[in-house]
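Chemist: what follows is a predicted structure for the sequence shown.
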Amino acid sequence: MHRSRVYALLIDTPEAEADRAAAFWSAALGATARPVPGEEQFTSLHNALPGLVTSVQSVADAPRFHLDIETDDVEAETARLLALGATEVSRWLECRVLRAPGGHLLCVLPVHSPTDLFTAEANTWP
């Protein structure tokens, strides 16, 4: 058995537009925009969506939204999502980048939330 939950909504934005996008989404959602120390490609939108990390991510690709799913077993969660029809696109550090049916990207990553939050909100899978 393993557990997982939606951890974050990422607003992927082409690199040249990332600063303007962060300013827009910060104002539109009434959230404070803060660069993430040590991860310059991310600008956090603090409390934009309660319960979810919400960030603008600078990418060398087309604009899109994607979800991050955190789990206590990356391999098992990746296998579960692949069995549901996702395909693996790439691996980055401990994360797996998948494409869901319909073309949307999602990432599977190790638990980043505080333990009590993850325990309270995660789904349990066989």
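Modeler: Cool, got the structure.
Chemist: show residues contacting the lengthiest helix in the chain.
Modeler: Looking across the chain with DSSP state H, the single longest helix is helix 18-29. If you take CB atoms under 8 Å, 6 or more residues apart in numbering as the criterion, helix 18-29 is touched by 11, 13, 31-33, 41, 43, 45, 48-49, 54, 56-58, 63. Where you see a C-beta, it was placed from the backbone N, CA and C, and this is true even at glycine.
Chemist: farthest pair in the residues you listed?
Modeler: T32 and P63 (22.1 Å; CB to CB).
Chemist: buried residues in stretch 109-125?
Modeler: L109, V111, S113, F118, A122 (16 or more other CB atoms under 10 Å).
Chemist: helices along this protein, start to end?
Modeler: 18-29, 74-83, 115-121.
Chemist: from V6, how far off is the closest residue to C95 other than its chain neighbours?
Modeler: In space, and not counting its chain neighbours, C95 is closest to L109: 4.4 Å by CB to CB, 6 or more residues apart in numbering. Using CB to CB, to the nearest Å, L109 is found at 11 Å from V6.
Chemist: could you point out the longest strand of this protein?
Modeler: Longest strand of the chain, by residue count under DSSP state E: strand 2-14.
Chemist: circling back: can you redo the buried residues of stretch 109-125 as CSV with pLDDT and distance to T87?
Modeler: Listed next are the buried residues of stretch 109-125 as CSV, based on pLDDT from 0 to 100; distance: CB to CB, whole Å:
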residue, pLDDT, distance to T87
L109, 98, 18
V111, 98, 24
S113, 96, 26
F118, 97, 26
A122, 98, 24
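Chemist: ok, so of those residues, who is nearest R80?
Modeler: For the buried residues of stretch 109-125, the minimum distance to R80 (CB to CB) is 13.0 Å, reached by A122.
Chemist: how many neighbours does R20 have?
Modeler: 11 (other CB atoms under 10 Å).
Chemist: what's the distance between it and Y7?
Modeler: 26 Å.
Chemist: same question, E88
Modeler: Computed as CB to CB, the E88 to Y7 distance reads 19 Å.
Chemist: of the two, which one has the most company?
Modeler: Y7 (23 against 13).
Chemist: sorry, back to before: residue contacts, the residue nearest to C95?
Modeler: By CB under 8 Å, 6+ apart, the residues touching L109 are Y7, D68, I69, E70, T71, V74, E94, C95, R96.
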